[in-house]
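J.: For reference, the sequence and a predicted model appear below.
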Amino acid sequence: MISVDEALDHIRRCVTSLPSVRTPLAELLYLRLAESVASGVDSPPFDKSMVDGYAIDVSDASATLREIELVTAGHVPSKAVSHGHTIRVMTGAPVPAGASAVVKWEDCELTGDDVIRNPAAGIKPGSCILRRGSSFHAGQVVLEAGKRLGPLDIALLAEIGQAEVMVTPRPRVAVLPTGDELVAAHEPLGPGQIRNSNGPMLLAAVAAAGATAVDLGVGCDDPDDLRTRINQGLASDVLLVSGGVSAGVKDLVPGILAELGVEEQFHQVRIKPGKPLYFGVRHAEGRRTLVFGLPGNPVSTFVSYQLFVLPALRALAGAPFEPAATQRAVLAMPFEHRGKRPTYHPCKVNAPTEGGVLHLEPLNWRGSADLATLTRATHLAAFPAGDYQLVHGDAVDAIPL
Ligand SMILES: Nc1nc2c(c(=O)[nH]1)N[C@H]1C(S)=C(S)[C@@H](COP(=O)(O)OP(=O)(O)OC[C@H]3O[C@@H](n4cnc5c(N)ncnc54)[C@H](O)[C@@H]3O)O[C@H]1N2
Ligand code: MOO
């Protein structure tokens with residue numbers, strides 16, 4: 001059985017970012033840029049007024065100034081500011097030629113129809129003018145390749161007129177929970193049946209990761225049904241099958257994956273929960289599909305997803321391959337660990353956090369099927385394998401959820 005690190009190394013070797021695709025602004029949220037983007041324009045593209053007021057020449061010593069034009073944003077001045085004259089401008093309007101400053105209208109005094117007292121005294125040249133190119137110049141790189149695009153980046157692309165950019169697309173991730181015992185949330189439970197929680201969990205987790213989820217329905221423990229659905233799933237970048245990967249007579253998944261050309265990379269990892277985890281790759285028609293067989297118990301499915309699937313989804317989407325981030329914490333109470341597998345144990349932050357140190361309380365977790373306890377957890381604490389007793393204040397690494 002391989003270790004968690006060895007399993008991650010196998011996955012890392014099989015993942016490369018998806019080929020980049022030219023994508024319109026409206027579909028860019030949280031995708032990664034596959035190219036650096038240089039602006040084709042200066043920002044702002046013209047000298048513009050920062051206020052509603054009067055454009056003046058500060059060197060003009062006239063006692064009064066006559067307004068000769070009004071320019072609002074989106075329009076251009078047809079005249080220049082000349083001796084004894086001013087042009088009224090609204091915020092965002094281009095500054096007229098001949099003007100060296102703009103003065104807010106509330107700081108000016110009307111002395112007659114369209115005439116103001118010259119407000120130039122004490123006004124510095126350039127006052128209230130946002131100069132062309134003061135943010136950046138044409139030709140300057142404004143967004144670097146690899147950046148994950150948030151709302152502000154999308155705004156910047158719009159500002160520079162970049163309606164489409166090359167990005168790494170969202171991975172398509174097919175989700176297939178399997179098991180004869182599974183019924184949907186809205187259905188009554190018959191004897192021996194259990195509701196399908198892994199399906200909704202994985203579909204939501206995939207969406208939360210910014211990938212596109214493909215719902216393959218629920219597979220029965222029947223070779224023909226599984227073959228059909230798995231085949232469908234192999235058209236995606238990633239196929240997540242839950243259940244049917246351990247040692248039972250109905251654990252048919254690894255055999256069917258092999259039949260369909262999926263090459264097993266590993267099966268079983270030294271970890272609790274999630275030991276029967278399967279990982280394989282299929283290459284066909286120039287496409288590579290990563291296949292994860294997630295152990296059916298809901299907590300095992302979730303922990304395997306967090307530790308092994310998420311880093312792969314991020315790397316497919318253009319990020320560097322990185323294991324789940326951990327935080328250093330201390331135990332808020334004693335904890336006894338037993339067993340030959342490292343355990344990822346649900347814990348919660350025990351407030352208050354003292355001096356920046358995270359205090360974690362291991363929850364009374366009842367094992368791989370105990371989803372309810374996991375919903376109360378803020379972290380998974382990683383306890384190394386072995387039989388030992390930890391005391392209050394002992395250090396532990398934990399993955400935030
Ligand atoms: N002889 C052995 N038996 C088992 C081993 C082993 O090494 N040798 N490993 C155990 C471990 S650890 C786990 S975890 C489970 C995983 O088994 P499978 O991946 O084959 O999953 P199933 O047997 O199909 O289901 C396990 C459990 O989870 C429930 N389940 C399945 N799918 C869902 C779902 N979509 N939503 C909610 N619950 C689900 C299922 O009803 C079972 O109770 O194997 C151990 N056995
Ligand atoms: O590893 Mo299983 O996932 O213990 O329940």
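T.: Perfect, thanks for sending it. Ligands and ions are numbered 1, 2, ... in the order given.

J.: Now the residue in the chain sticking out farthest from the centre. Its backbone dihedrals?
T.: With distances taken from the mean C-alpha point of the chain and given as CA atoms, centre = their mean, the most distant residue is residue 63, at 59.3 Å. Backbone geometry at residue 63, expressed as degrees, to the nearest 10, gives phi -70, psi -40.

J.: do you know how far the closest residue to it other than its chain neighbours is from ligand 2?
T.: For residue 63, ignoring the flanking residues on the chain, the nearest one in space by CB to CB, 6 or more residues apart in numbering is residue 118 at 6.0 Å. Where C-beta positions appear, they are placed from N, C-alpha and C, glycine not excepted. Distance of residue 118 to ligand 2, given as CB to the nearest ligand atom, to the nearest Å: 81 Å.

J.: same thing with residue 123?
T.: With the distance defined as CB to the nearest ligand atom, residue 123 ends up 73 Å from ligand 2.

J.: On the pLDDT front, check that residue for me.
T.: The pLDDT attached to residue 123 in the predicted structure is 96.

J.: any idea whether it is helix, strand or coil?
T.: Using DSSP: H, G, I helix; E, B strand; the rest coil, the structure places residue 123 in coil.

J.: residues in contact with it?
T.: By CB atoms under 8 Å, 6 or more residues apart in numbering, the residues touching residue 123 are 56, 58, 101, 103.

J.: Check the spacing between the last one and residue 87 real quick.
T.: What that stands for is residue 103. With distances defined as CB to CB, to the nearest Å, the gap from residue 103 to residue 87 amounts to 12 Å.

J.: Now for these two: what residues contact both?
T.: residue 54.

J.: Give the burial count for the residue nearest to residue 63, as a bare number.
T.: Counted with other CB atoms under 10 Å, the burial measure for residue 118 works out to 22 neighbours.

J.: Next up, the contacts around it.
T.: By CB under 8 Å, 6+ apart, the neighbours of residue 118 are 56, 60-65.

J.: Distance of the residue nearest to residue 388 when sequence neighbours are not counted relative to residue 345?
T.: The shortest distance from residue 388 to any residue that is not its chain neighbour, by CB to CB, 6+ apart, is 5.7 Å, and that residue is residue 337. The spacing between residue 337 and residue 345, counted by CB to CB, is 8 Å.

J.: Please apply the same query to residue 130.
T.: Using CB to CB, we find residue 130 at a distance of 56 Å from residue 345.

J.: Next: residue 314.
T.: Here the criterion is CB to CB. By it, residue 314 lies 24 Å from residue 345.

J.: Pull the number of nearby residues for the residue in the chain positioned nearest to ligand 1.
T.: Across the chain, the shortest distance to ligand 1 (CB to the nearest ligand atom) belongs to residue 296, at 2.6 Å. Using other CB under 10 Å, residue 296 is surrounded by 26 other residues.
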